[in-house]
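Asks: Have a look at this prediction, sequence included:
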Amino acid sequence: MQKKTFQFSSKTVTYYFDADFSYLEKLVNKEHAVIITDENVFDLHKKKFAGWKTIIIKAGEEFKVQSTVDLIIDQLIQSNADRKTFLVGVGGGVVTDITGYVASVYMRGIQFGFVPSSLLAMVDASIGGKNGIDVGVYKNLVGAINQPTFLLYDFSLLKTLSKSEWVNGFAEIIKHAAIKDAALFETLEKNSIGAYQKNKTALSKLIVRNAMIKSAIVKKDEFEKGERKLLNFGHTIGHAIENMQKLPHGHAISIGMAAACMLSEQLADFKSSARVVKILEKYGLPTKTDFKASKVFDVLKMDKKKEQTTMNYVLLKKIGQGIVKPIPVDELGELIQSITMAR
């Protein structure tokens, strides 16, 4: 087991890499802990949950909404959960988002930790303290920034992942490489999902490297005033189309990254769009979809990255160097229209 810690503004978060699920009993008092997971994860790993108080929610992004939060809180009340109760989210990004959000608001805040079970959750969703829910087509519109106490990585949980979930996770890995790590981008170009699935050591190093990239960015800018905005590469258009078209998160972000590369050519003299598109497609991710620019723009106008009349858009200067460019919202609408026509 590899142990790393990061000190954020109000909490130290400990990462336990290549640990076993059973180690959870050393981190929390079983009598005062409540696990939140979804139906899919519970059905796949029933033995691991034996003896734990567990709340099971429906699986899927469509259930990352306030009504699910209300159901969880009702069950916590019925089980007499108090301020000493410790919540543990075991699952993918939907579960970790909801668990962190419930923990942030229940009794004005209780402790929580995560056991991410998907590749996407391990490298991105469970890291950084963003916890929230969707409101209609608006992704993560309601939520809080609140760090977990720990992240426990049991890599054996990945054995039950479907191919589509492996693909989903690599979108965020490619994103990290594109904005911050040119050497990682080159490594990904030389490898494939199949190669990482067969090589546990390489996969473990890849997950740790990505977790450290994101954690280092968040440590510098926990509340997204500057550098953390880079993590939104691909997410502006990506989030707008994700719920509109009911796309998996990684697919939507991949399409958003390809679109951001087109904007980067116009606004940041970016020369490597073809490389980005090629690597996304190599890992099974889509880079195009039909969408109506006006509808996407209507959703974008409520995006959290907008500040009054300006949108903070993440572009690439070169591979491994992301930049944040404020774009007037009206101008952005015209740019989105132009790249839609170019596609």
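Replies: Nice, thanks for sending it over.

Asks: since we're on the closest residue to Ala103 other than its chain neighbours, how many residues are nearby?
Replies: Counting by CB to CB, 6 or more residues apart in numbering, Ala103 lies nearest to Phe112, which is 3.7 Å off, once chain neighbours are set aside. To be clear about C-beta, it is placed using only N, CA and C from the backbone, and glycine gets the same treatment. The number of residues packed near Phe112 is 28, by other CB atoms under 10 Å.

Asks: Same check on Ser79?
Replies: Neighbour number of Ser79 under other CB under 10 Å is 12.

Asks: So Gly113 versus Ala103, what's the distance?
Replies: Per CB to CB, to the nearest Å, Gly113 is found 9 Å from Ala103.

Asks: Overlap in contacts, those two.
Replies: Leu87 (CB atoms under 8 Å, 6 or more residues apart in numbering).

Asks: Can you show me the helices along the chain?
Replies: Using DSSP state H, the helices found in the chain span residues 24-27, 39-44, 66-78, 93-105, 119-120, 163-180, 182-190, 193-198, 200-220, 235-244, 249-268, 273-282, 293-300, 329-342.

Asks: how about those helices, which one is nearest Asn131?
Replies: Nearest of the helices of the chain to Asn131, taken as CB to CB: helix 93-105 at 2.9 Å.

Asks: lowest average confidence, helix or strand, in this structure?
Replies: In the chain, the helix or strand scored least confidently by mean pLDDT, DSSP states H and E is strand 306-307, which has a mean of 62.

Asks: hmm, back to that, correct me, but the residue nearest to Ala103 touches Leu87?
Replies: Yes. Using CB atoms under 8 Å as the test, Phe112 is close enough to Leu87 to be in contact (4.2 Å).

Asks: Residues that sit against both of those two, list them.
Replies: Common neighbours of Phe112 and Leu87 (CB under 8 Å, 6+ apart) are 99, 103.

Asks: how about Ala268, what does it touch?
Replies: Neighbour list for Ala268: 315-317, 323, 325 [criterion: CB under 8 Å, 6+ apart].

Asks: now those residues in a markdown table, with distance to Ile213 and pLDDT?
Replies: Shown next, in a markdown table, are those (distance: CB to CB, whole Å; pLDDT from 0 to 100):
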| residue | distance to Ile213 | pLDDT |
| --- | --- | --- |
| Leu315 | 18 | 97 |
| Leu316 | 16 | 98 |
| Lys317 | 17 | 98 |
| Ile323 | 17 | 97 |
| Lys325 | 21 | 94 |
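
Asks: Neighbour-wise, give me the winner out of the residues you listed.
Replies: Top of those by neighbour count (other CB under 10 Å): Leu316, with 25 neighbours.

Asks: distance of that residue from Asp124?
Replies: The value you get for Leu316 to Asp124, if CB to CB is used, is 18 Å.

Asks: tell me the strands in the stretch 1-150 of the chain, going along the chain?
Replies: In the stretch 1-150 of the chain, the segments counted as strands under DSSP state E, counting those that start in this stretch are 2-7, 12-17, 33-38, 54-57, 86-91, 112-116, 130-135, 138-145, 150-152.

Asks: What strands flank the fifth one, and is each parallel or antiparallel?
Replies: Looking at strand 86-91 with DSSP bridges, its paired strands and their directions are strand 33-38 (parallel), strand 112-116 (parallel).

Asks: Now tabulate the ones you listed in JSON lines and tack on distance to Glu62 and mean pLDDT.
Replies: Formatted as JSON lines, the strands paired with strand 86-91 follow (distance: least, CB to CB, whole Å; pLDDT from 0 to 100):
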{"stretch": "strand 33-38", "distance to Glu62": "12", "mean pLDDT": "98"}
{"stretch": "strand 112-116", "distance to Glu62": "20", "mean pLDDT": "98"}
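
Asks: give me every residue that touches Ser192.
Replies: 282-283 are the contacts of Ser192 under CB under 8 Å, 6+ apart.

Asks: Could you pull up phi and psi at it?
Replies: phi -160, psi 170 (degrees, to the nearest 10).

Asks: Make 18 the starting number, not 1.
Replies: New numbering, starting at 18: the last item is Ser209.

Asks: Many thanks, we can stop here.
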